[in-house]
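S.K.: what's the 3D shape of this:
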Amino acid sequence: MNNVVYDNFPAWFLIAESLSLVILLAITVVSFAVYFVEIQILFTSRNTTFKGPFYRLMFVGIMVDMTSAINLFVLQIIPAREWISFFYFTNESWLGAIFYAITYGGRCVQGATATILSFCRVSAVCFPMFYQKLSYAKYTYTMQAIQLSGAVAAVFLLLPREYKYVNENGGYYSAFVNNEFRKPFYNFVAVLEVFFVLAIVVNNLVTYITYKLKKKSASKRNSVSGSQYLMNKEKQKRESSLDKMTVIVCCVELLYFAFVVYSLQINQSMNKRVFYFLYNILCVIYSTFSAWMLLLFSRPITIQFRQRILKLGSKRSTRSFSISVQGSRDNK
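M.R.: Numbers count the residues shown, from 1 in each chain. Prediction:
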């Protein structure tokens, strides 16, 4: 099926497209700085504070999010703008293979990560005894294997294909040479999106309803001691943060799902420049929101992040003071 090609674009679209690239790059750079600190925090405390399956899965998810964002700028935005064209056009097939493998493999990992985390959350609320077992090595490794299985499948499916850069409305975009493979592949992607969204939404709804029922039942019991009250209050804070994270994840998943279904199923002839204008925005949102979600709603991450920033600030102050003292001595 051929994509719609427009004779020209209105001025507002061209301005919006250029501005969006600048804004998306700025968001990515700042989010990467946050990611780097969070990676350091998760790695250094991987056997203590962040030993549970949630943070192990998030660690892998962060690495994939960063890879997806780099893939977007290096293998989609740069060639689309015809920058370094001599390199991209002479290597269009294998660069296209890498772009598609990372794009769809990364999306599979991102969707699987959100799905598995929603499964962990519903297990914690509905099946607490089973949830405790998820921290065992065999369960953690099984979840991580499932998390990465989509990336492995994408490599085997997409790397052997041939790709070329197609010029549409002044932009160059990587495309399948064999269109017979394109349609069934996009159908499979749409089905996978449906599975991810249904699993995430259903798991989170079950979790939310079950937790509210348990909370309502607990409130009808007799009064508790002061220490128990403080523990319950702390638990409620954690659950409130998890609820906010759940809402954010569901909204992002639904937004991405709507875009994929519309562009790959309902309107398969969508103009490539318009498609990638919207896709670039969604990809950056999906690849960076985890950085801010962890920073804002994960208290252990927030505390250690603040400590590291304060420690870095104190080191700079000490260094500046030492330099000024040394300078004053030299002047004597």
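
S.K.: Could you verify that T48 is part of a strand?
M.R.: No. The assignment for T48, made by DSSP: H, G, I helix; E, B strand; the rest coil, is coil rather than a strand.

S.K.: how far away is it from Y186?
M.R.: According to Cβ to Cβ, to the nearest Å, T48 and Y186 sit 44 Å apart. Any C-beta I mention is one placed from the backbone N, CA and C, and that applies to glycine too.

S.K.: The two: who's more crowded?
M.R.: Remark: of T48 and Y186, Y186 carries more neighbours, 17 against 7, as counted by other Cβ atoms under 10 Å.

S.K.: Just say helix, strand or coil for that one.
M.R.: Applying three-state DSSP: Y186 is helix.

S.K.: wait, what's in contact with it?
M.R.: Contacts for Y186 (Cβ atoms under 8 Å, 6 or more residues apart in numbering) come out as L264, Q265, Q268.

S.K.: same thing but 6 Å
M.R.: L264 (Cβ atoms under 6 Å, 6 or more residues apart in numbering).

S.K.: Check the gap between it and G111 for me.
M.R.: Relative to G111, and taking Cβ to Cβ, Y186 is found at 15 Å.

S.K.: which residues are in contact with stretch 116-127?
M.R.: The contact list for stretch 116-127, computed with Cβ under 6 Å, 6+ apart, reads 53, 57, 130-131, 143, 147, 200, 203-204, 206-207, 210-211.

S.K.: Report the rounded mean pLDDT for that stretch.
M.R.: Mean pLDDT, stretch 116-127: 86.

S.K.: same check, this time on stretch 159-176
M.R.: What stretch 159-176 shows for mean pLDDT is 85.

S.K.: ditto for stretch 42-50
M.R.: Stretch 42-50 carries an average pLDDT of 82.

S.K.: count of neighbours near E17?
M.R.: Counted by other Cβ under 10 Å, the residues lying close to E17 total 17.

S.K.: Grab the nearest non-local neighbour of it.
M.R.: In space, and not counting its chain neighbours, E17 is closest to F277: 5.5 Å by Cβ to Cβ, 6 or more residues apart in numbering.

S.K.: roughly how far apart are the one you found and I78?
M.R.: Per Cβ to Cβ, F277 is found 15 Å from I78.

S.K.: And S290, by the same measure?
M.R.: Per Cβ to Cβ, S290 is found 24 Å from I78.

S.K.: Between the two, which is the more surrounded one?
M.R.: Of the pair S290 and I78, S290 is the one with more neighbours under other Cβ under 10 Å, namely 26 against 16.

S.K.: for that one, what are its contacts?
M.R.: S290 makes contact with D65, according to Cβ under 6 Å, 6+ apart.

S.K.: in the protein, which ranges drop under the pLDDT threshold?
M.R.: For the chain, the stretches with pLDDT under 70 are 1-7, 217-239, 314-332.

S.K.: Report how many residues lie close to F188.
M.R.: 14.

S.K.: try A151
M.R.: A151: 19 surrounding residues under other Cβ under 10 Å.
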